[in-house]
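Novice: got a predicted structure plus its sequence, pasted below:
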Amino acid sequence: MIWAVVSYVAIPETLRRRSHRHPALNNAPKLTTTPAGIPGDPLNLFIVAPEEKLVSAMLKSGWYPADPVTLKSSLRIAVDSVARRPYDEAPVSALLLFGKIQDLAFEKPEGGNPRERHHVRFWKAPGDGKPAWWGAATFDRSVGLSHTTGQITHHIAAEVDKERELILQTLKSGGFQSISRENGFQKSAGKNGGGDPWQSDGSLGIAEWDPAS
């Protein structure tokens, strides 16, 4: 009975799933890096969709695109954080994947100021197949000094899986039909570029847009 289930159900199903995987998932990266080369936030999302569908789903669900990091935006986020004033499009710091900074970044503030916010960065996956995006979603819980460099930074909450699930729910509400998770993708714990600890069940959240819809 065990042999039959393994040989005729489990193994064929595993092979079928692998054959339909996006090629970017093979030998995939696990972490981002800071511009200084320090391991950054963990990757916890993989989105298969044209850019306009991803952007539309995020905006439709009340997420704001982050402003570019400029002197003006950097001064504003600093002042608004201290004064506890809203800045819904506050910039997010640069993290690198495939040697480049994020292509897209979105945030959803909490508490009425930039100190606390849900945010996610997306990098376009290399290759000529279906358009796909790697994502790193975390929650900024406070502003303080980096434990690694001493620079002013946001500190993230450790439970990154909550942010992964928030983005998956956002995309589902935005019209994405296929939502799944790949177990055993990520480590169970680590530290980001600011020295903040994070923990995970190791699953990669996957969302795919159906072009027929």
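Specialist: Sure, I can see it.

Novice: for stretch 184-191, measure first residue to last.
Specialist: Stretch 184-191 has an end-to-end distance of 18 Å (CA to CA, to the nearest Å).

Novice: could you list the buried residues of that stretch?
Specialist: Judged by neighbour count using 16 or more other CB atoms under 10 Å, the buried positions of stretch 184-191 are 185-186, 190-191. Heads up, the C-betas are built off the backbone N, CA and C, glycines and all.

Novice: go on, stretch 143-151?
Specialist: When burial is assessed from 16+ other CB under 10 Å, stretch 143-151 yields the following buried residues: 143, 146, 148.

Novice: can you redo the residues you listed as a markdown table with secondary structure, pLDDT and distance to V120?
Specialist: As requested, these are arranged in a markdown table below (DSSP: H, G, I helix; E, B strand; the rest coil; pLDDT from 0 to 100; distance: CB to CB, whole Å):
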| residue | secondary structure | pLDDT | distance to V120 |
| --- | --- | --- | --- |
| V143 | strand | 79 | 19 |
| S146 | coil | 81 | 20 |
| T148 | coil | 80 | 22 |
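
Novice: of those, closest to D103?
Specialist: S146 (24.2 Å; CB to CB).

Novice: is it true that the closest one touches G195?
Specialist: Yes - checked against CB atoms under 8 Å, the pair S146 and G195 is within contact range at 6.3 Å.

Novice: any idea how far N192 is from V69?
Specialist: Separation of V69 from N192 (CB to CB, to the nearest Å): 18 Å.

Novice: the two - which one has more neighbours?
Specialist: Of the pair V69 and N192, N192 is the one with more neighbours under other CB atoms under 10 Å, namely 27 against 16.

Novice: ok, the more buried one - contacts?
Specialist: 39-42, 138, 156, 198 (CB atoms under 8 Å, 6 or more residues apart in numbering).

Novice: rerun at 6 Å
Specialist: Counting by CB atoms under 6 Å, 6 or more residues apart in numbering, N192 touches 40-41.

Novice: per-residue confidence at it?
Specialist: Among the per-residue scores, N192 holds a pLDDT of 92.

Novice: now L54
Specialist: Per-residue pLDDT puts L54 at 97.

Novice: hang on, it in a helix?
Specialist: Yes - going by DSSP: H, G, I helix; E, B strand; the rest coil, the assignment for L54 places it inside a helix.

Novice: that one - how many residues pack around it?
Specialist: Taking other CB under 10 Å as the neighbour definition, L54 ends up with a count of 25.

Novice: return the distance of the closest residue in space to it that isn't next to it in sequence relative to D88.
Specialist: On the basis of CB to CB, 6 or more residues apart in numbering, the spatially nearest residue to L54 that is not a chain neighbour turns out to be I47, at 5.8 Å. For I47, the distance to D88 under the criterion CB to CB works out to 22 Å.
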